[in-house]
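Visitor: no sequence on this one, just coordinates:
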């Protein structure tokens with residue numbers, strides 16, 4: 001193999017490594033997301049379609065959730081306000097972040 005071919009192969013390998021590193025840095029796991037939104041406003045949608053909006057206080061591996069300053073929305077209408085709210089994980093459809 002010539003020196004030029006070795007340099008080209010080395011450059012291609014370096015570019016591939018750099019691209020793989022950039023791709024890995026962009027990937028976020030669900031646990032990364034949940035760690036990022038702890039203490040921040042979130043929207044929790046239940047399987048029934050009810051939304052709870054408030055500050056995510058904590059959660060566990062079963063997706064049991066504790067929230068503070070929580071508002072309950074049914075069909076988009078504010079129904080109740082709670083100081084603290086606890087939601088059992090098997091009722092959760094999704095958690096999304098809210099803008100402050």
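Guide: The structure has been received and is ready for your questions. The structure displayed is predicted, hence computed values, not measured ones.
Visitor: hey, let's count contacts and neighbours off CA atoms from now on
Guide: Fine.
Visitor: three-state assignment of the most centrally placed residue in the chain?
Guide: Taking CA atoms, centre = their mean as the criterion, residue 33 is the residue nearest the geometric centre of the chain, at 2.8 Å. Secondary structure, DSSP: H, G, I helix; E, B strand; the rest coil: residue 33 is helix.
Visitor: So which residues of the protein form helices?
Guide: 3-26, 30-37 (DSSP state H).
Visitor: Let me see the contact set for residue 72.
Guide: If a contact means CA atoms under 8 Å, 6 or more residues apart in numbering, then residue 72 has 50-53, 78-82 as its contacts.
Visitor: circling back: among the helices of the chain, which gets the worst mean confidence?
Guide: Least confidently modelled of the helices of the chain is helix 3-26, at a mean of 50 by mean pLDDT.
Visitor: how near is the nearest residue to residue 54 once chain neighbours are set aside to residue 85?
Guide: Excluding its sequence neighbours, the residue lying closest to residue 54 (CA to CA, 6 or more residues apart in numbering) is residue 70, at 4.2 Å. Distance check for residue 70 against residue 85: by CA to CA, to the nearest Å, it reads 6 Å.
Visitor: Which residues does the residue nearest to residue 54 form beta bridges with?
Guide: Taking DSSP bridges, one obtains residue 82 as the residues bridged to residue 70.
Visitor: again with the one 4 residues further on
Guide: According to DSSP bridges, the residues that bridge with residue 74 are residue 77.
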